[in-house]
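Participant: sequence and predicted structure, then a few things I'm wondering about:
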Amino acid sequence: MNTESNFASLGLAEPLLRAVSDAGYTTPTPIQAQAIPQVLAGGDLLAAAQTGTGKTAGFTLPVLHLLSQTPAHPHPNGSPRCLILTPTRELAAQVEESVKTYGKHLPLTSMVMFGGVNINPQISALKKRVDILVATPGRLLDHVNQRTLDLSKVEILILDEADRMLDMGFIRDIRKVLALLPKKRQNLLFSATFSDEIRELANGLLHNPGCVEVAARNTSAERVEQAAYMIGQKQKRELLAWLIKERQWFQALVFTRTKHGANKLAEYLTKHGIESAAIHGNKSQAARTRALAQFKDGSLPVLVATDIAARGLDIDQLPQVVNFELPNVPEDYVHRIGRTGRAGAAGHAISLVDREELKLLTAIERVMHRKVERATAEGFVPSATAEQSHDEDQRREPMPRRGGGGGRHNNEQRRSAAPSGRSDRPASRGPANGGQPASRGPQRARTEADGNRARPAPRQPGEVDGNRAAPSRPEANGNNTGNRGRSEVNGNRAPQASDRRNSAPRAALFSARTGNGNR
């Protein structure tokens, strides 16, 4: 059977069939074969499949078909017909790239918007016709508040990686967006898993939806070979460096729990002759884009990432995934190893497990209904100074922010208790330290080095090793540290410092006068 007959049987238009053929695909995946006809029928859909099974094409292809077959009614510029919401910048860029790939033979336009970049080019793009808009929730609402975007003409709404959006606390933003959309529309909810929270969201969003689930809940990819190495936490980085060199891994994606840990591990590997870079929410968008591009083209052999930053990354033929630390949430393990073994290819995933992580490993095996094979590194001997060296490198711990809020670097550790509100809000700065007020007015921006406050950076323009040094937003190791009025987390803008809820009482506007109250 050829590509034409397979995808043609799903009812897709000829320009889409040509684009699919140009992309080199021969047959639709199970999620595509089941989801595309239901979307084309015009009804709502709740769909789940393992990561890497083609969910993105499962909704981009039928949406492109529907928009091309139903001419748009006259509507102003900056008023999209289809809105696709994603949790992270990288996933948003990837989805919009797929829209362009499959829609290249159609007269439809698309754009992507997320934080971490200048908003002005996005405002300019919205002054033109936009059929399909891919966005992160925070930046989308920024445009709505600035009246540069009109959502009243949306015909199709898609929530991609909906489970991750809920985990990151975007439910409040999602509700705000829903309130801006027309009531009559088609709703598609795509997710890697069907959690109870996802079903609850679907019940309030979808109307008599079709349901597609092509894999058992939270099962790992069958083509991914998994193994666990039992090793002490302080010897892990030596074992990882040894495995990369001994096994000659030319492309490995390594997961850590924290941003600070990702930075430290990338520094260690680079110091020992293995070119590495870290990618996480504190990195500037330029640094994240550059590191990902180098990793994809093979010039960077190791990319160290956190769960939030790596969700949705689509890297062709990625051979190796490493869990340097096991995730606190078992489902995240499934998403991690789903970066390899994509589109039917074989993949390998290993985990470095300390004794204190055994409970996490057991929980992961219980969720997957599968035992992870225990492996040994024959020939590996940790150095006598491994623990001492580890302690010296980790001695400088990240300092908490004033008011005991915990700082941005702790956001990715709070996976099991995601906030009900917007995940990109800074930590609450209520009274702490014996009742001292948490806020005394806006603080001047200060630089950070691996999470620790440092002296203000010298005001020098230009870039050094990919880190911007602009006076208004100094950086250290690619980490945004300046506060240009509003911080950003994973592409979503946070409220201004003055917009703090439950903060300490503000000082009186006028001083009290003495006397009997008469002027």
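Facilitator: That came through fine. As the structure is a computational prediction, the values presented were derived from the model and not from experiment.
Participant: residues in contact with the nearest residue to residue 242 once chain neighbours are set aside?
Facilitator: Closest residue to residue 242 apart from its sequence neighbours, by Cβ to Cβ, 6 or more residues apart in numbering: residue 380 at 5.1 Å. For every residue, glycine as well, the C-beta is placed using N, CA and C. Contacts for residue 380 (Cβ atoms under 8 Å, 6 or more residues apart in numbering) come out as 239, 242, 243, 246.
Participant: try residue 357
Facilitator: For residue 357, the contact set (Cβ under 8 Å, 6+ apart) comprises 325, 326.
Participant: coming back round to it: the residue nearest to residue 242: what secondary structure?
Facilitator: coil (DSSP: H, G, I helix; E, B strand; the rest coil).
Participant: where does it land on pLDDT?
Facilitator: As predicted, residue 380 sits at a pLDDT of 92.
Participant: now do it against residue 13, distance only.
Facilitator: 56 Å (Cβ to Cβ, to the nearest Å).
Participant: how close does the residue nearest to residue 242 get to residue 192?
Facilitator: Counting by Cβ to Cβ - residue 380 and residue 192 are separated by 34 Å.
Participant: likewise for residue 12?
Facilitator: Distance, residue 12 to residue 192, using Cβ to Cβ: 24 Å.
Participant: the more surrounded of the two?
Facilitator: residue 192 (26 against 21; other Cβ atoms under 10 Å).
Participant: surely the more buried one and residue 163 touch.
Facilitator: Yes: the pair residue 192 / residue 163 is scored as a contact, 6.0 Å apart, by Cβ atoms under 8 Å.
Participant: would you mind giving the domain segments of this structure?
Facilitator: With domains defined by automatic domain parsing, the chain comprises 3-213, 224-377.
Participant: can you check which of those gets nearest to residue 389?
Facilitator: The closest of the domains of the chain to residue 389 is domain 224-377. By Cβ to Cβ, the value is 8.4 Å.
Participant: burial check on residue 245, number of neighbours?
Facilitator: Count around residue 245 with other Cβ under 10 Å applied: 12.
Participant: that one falls within a helix, correct?
Facilitator: Yes: counting by three-state DSSP, residue 245 falls inside a helix.
Participant: please shift the residue numbers so they start at 14 in all later answers.
Facilitator: Let's use 14 as the start, then, which means that last one is residue 258.
Participant: excluding chain neighbours, give the residue nearest to it in space.
Facilitator: Leaving aside its sequence neighbours, residue 258 sits nearest to residue 287 (Cβ to Cβ, 6+ apart; 7.3 Å).
Participant: distance of the one you found relative to residue 249?
Facilitator: 14 Å.
Participant: higher neighbour count, those two?
Facilitator: Remark: of residue 287 and residue 249, residue 249 carries more neighbours, 21 against 17, as counted by other Cβ under 10 Å.
Participant: next helix or strand past the helix or strand where that one lies?
Facilitator: Assigning secondary structure by DSSP states H and E places residue 249 in helix 249-259. Using DSSP H and E, the helix or strand that follows helix 249-259 in sequence is strand 265-268.
Participant: that following strand packs against which elements?
Facilitator: Using 3 or more Cβ pairs under 8 Å, 6 or more residues apart in numbering; DSSP states H and E as the contact criterion, the elements in contact with strand 265-268 are strand 315-318, helix 320-323, strand 333-336.
Participant: mean confidence score for the last one?
Facilitator: It refers to strand 333-336. Here strand 333-336 scores 94 as its mean pLDDT.
Participant: next, the distance between the ends of stretch 84-95.
Facilitator: Across stretch 84-95, the terminal residues are separated by 13 Å (Cα to Cα, to the nearest Å).
Participant: how about stretch 385-398?
Facilitator: Terminal residues of stretch 385-398 lie 30 Å apart, using Cα to Cα.
Participant: quick one: buried residues of that stretch?
Facilitator: Across stretch 385-398, burial judged by 16 or more other Cβ atoms under 10 Å covers 385, 390, 395.
Participant: same question, stretch 41-55
Facilitator: For stretch 41-55, a neighbour-count test (16+ other Cβ under 10 Å) marks 41, 42, 44, 45, 46, 47, 48, 49, 51, 52, 53 as buried.
Participant: can you check stretch 159-177 too?
Facilitator: Buried-residue list, stretch 159-177, by 16+ other Cβ under 10 Å: 161-164, 166-177.
Participant: then stretch 339-352?
Facilitator: Within stretch 339-352, the residues that qualify as buried by neighbour count (16+ other Cβ under 10 Å) are 339-352.
Participant: want to throw those residues into TSV with secondary structure?
Facilitator: What follows is the buried residues of stretch 339-352, written out as TSV (three-state DSSP):
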residue	secondary structure
339	coil
340	coil
341	coil
342	coil
343	helix
344	helix
345	helix
346	helix
347	helix
348	helix
349	helix
350	helix
351	coil
352	coil
